[in-house]
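1. Got a sequence here, can you build the structure:
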Amino acid sequence: MKPIFLSLLSVLAFLSCGSDDATPTPTETMYFPPIGSSAWETKSLQSLNWNPSAVQPLLDYLELKHSKSFIVLVNGRIVMENYFNGHSATTGWYWASAGKTLTSTMTGIAEQEGFLNTNNKVSDYIGAGWTSAPIAKENLITCKNLLSMNSGLNDALGDDVAPANLQYTADAGTRWAYHNVYVKLQDVVAAATNQTFDAYFNAKLRNKIGMEGSWFQSGFNTVYWSTSRSMARFGLLMLNKGKWQNDQIVNETYFNKATTTSQNINQSYGYLWWLNGKSSYHLPQSQFQFTGSIIPSGPNDMYMALGKNDQKIYVIPSKKMVIIRMGDAADAVNPALSDFDDVLWQKINALYQ
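-> Here you go, the predicted model:
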């Protein structure tokens with residue numbers, strides 16, 4: 001699902017990211033909710049010295065902006081968990097493009113198990129002719145290019161990833177463009193592991209961290225559907241650099257590559273993760289370079305899974321925090337990233353003041 005972004009982000013004022021009051025003490029251990037149980041430890045607002053008067057304005061804004069769920073974890077423990085408009089902890093919802101980060105993680109797992117090498121060309125795994133580009137140009141496209149969104153394929157032809165719709169525009173690595181072609185990585189993983197992507201995902205990621213949910217086909221996209229708590233479990237895994245308790249699900253080397261700038265064109269993009277706090281950024285459907293951070297009021301070290309209709313995973317290492325937002329589009333334009341993010345973070349920051 002290709003999000004549409006608002007250019008007004010480029011003129012938003014830089015705002016304070018708040019104090020470090022929400023950061024747990026160094027002696028507090030990271031908590032992981034048990035597998036196969038609804039039990040989940042909580043942490044009080046008072047213990048974090050949060051401002052209780054800022055809670056209701058935040059919740060009012062979330063409800064006004066068509067949210068269905070909002071979860072805040074600090075060091076793995078639930079600090080806030082709120083549901084709106086008939087949604088509940090057991091209700092499923094779609095991740096939209098926030099699920100790209102699941103595909104990125106599975107690519108890393110398949111690489112660490114020796115099934116693939118992200119430096120290899122895509123056609124090594126799914127055969128030649130998967131695009132309509134000249135074969136010499138197709139052979140330039142590596143798995144890493146799909147992870148980094150710099151395949152060089154035309155991003156203006158819609159989400160269909162049939163060969164006829166994957167047309168050459170520039171050499172791989174020379175042009176950044178948000179493109180649904182990343183889904184071919186699911187075919188790469190399936191071919192390399194000799195099993196369905198769903199089966200490999202369930203065995204190597206979902207079941208190991210206690211997620212629920214499943215993949216379904218929506219148009220030309222494969223979309224993940226789960227509860228908000230399952231999304232929070234994945235966010236917690238990524239806060240802990242790919243490790244769940246004592247089990248390193250995806251190795252830290254790959255995790256670090258995924259959550260840092262992956263190419264020299266869009267500073268704010270890793271391996272299917274958006275990165276805050278960089279000096280510049282590109283947005284989908286535009287070759288324009290914006291100056292400054294994507295979400296000016298958000299923490300500079302935050303990395304993000306962002307999906308259509310404002311599905312969000314925010315991971316903030318400096319605060320040991322994960323924030324989940326699921327719901328309908330905050331505004332009529334249906335962006336994955338908009339001024340909603342910046343205003344939301346202003347209200348989150350007010351919790352720490």
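2. alpha carbons only for contacts and neighbour counts from here, please
-> Fine.
3. Pull the number of nearby residues for residue 40.
-> Using other Cα atoms under 10 Å, residue 40 has 13 neighbouring residues.
4. Distance check, it against residue 281.
-> 37 Å (Cα to Cα, to the nearest Å).
5. So which residues of the stretch 1-150 of the chain form helices?
-> Counting by DSSP state H, counting those that start in this stretch, the stretch 1-150 of the chain has helices at residues 55-64, 100-112, 123-126, 135-138, 143-148.
6. residues of the fourth one that come out buried?
-> Residues 137, 138 are the ones in helix 135-138 that count as buried (16 or more other Cα atoms under 10 Å).
7. For the stretch 201-350 of the chain, give me the ranges with low pLDDT.
-> 334-337 (pLDDT under 70).
8. Okay, strands next: where are they in it?
-> Under the criterion DSSP state E, counting those that start in this stretch, strands of the stretch 201-350 of the chain are mapped to 214-218, 221-226, 243-244, 247-248, 274-275, 280-282, 289-291, 303-307, 311-316, 321-327.
9. The fourth one pairs with which strands, parallel or anti?
-> Applying DSSP bridges, strand 247-248 is found paired with strand 243-244 (antiparallel).
10. Please produce CSV containing the strands of the stretch 201-350 of the chain, extended by mean neighbour count and distance to residue 177.
-> Shown next, in CSV, are the strands of the stretch 201-350 of the chain (neighbours: other Cα atoms under 10 Å; distance: least, Cα to Cα, whole Å):
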stretch, mean neighbour count, distance to residue 177
strand 214-218, 13, 22
strand 221-226, 19, 17
strand 243-244, 20, 31
strand 247-248, 12, 32
strand 274-275, 26, 13
strand 280-282, 20, 8
strand 289-291, 15, 12
strand 303-307, 25, 16
strand 311-316, 26, 21
strand 321-327, 25, 25
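11. how much space between the nearest residue to residue 305 once chain neighbours are set aside and residue 290?
-> Spatial nearest neighbour of residue 305, excluding adjacent residues (Cα to Cα, 6 or more residues apart in numbering): residue 98 at 4.4 Å. Here the criterion is Cα to Cα. By it, residue 98 lies 22 Å from residue 290.
12. what's the answer for residue 348, then?
-> 24 Å.
13. which residues touch the spatially most central residue of the chain?
-> Residue closest to the mean C-alpha point of the chain, counted by Cα atoms, centre = their mean, is residue 305 at 1.7 Å. By Cα atoms under 8 Å, 6 or more residues apart in numbering, the contact set of residue 305 is 97, 98, 99, 100, 101, 272, 273, 274, 311, 312, 313, 314.
14. What is the neighbour count of the fourth one?
-> To tie it back to what came earlier, the one meant is residue 100. 24.
15. No more questions from me, cheers.
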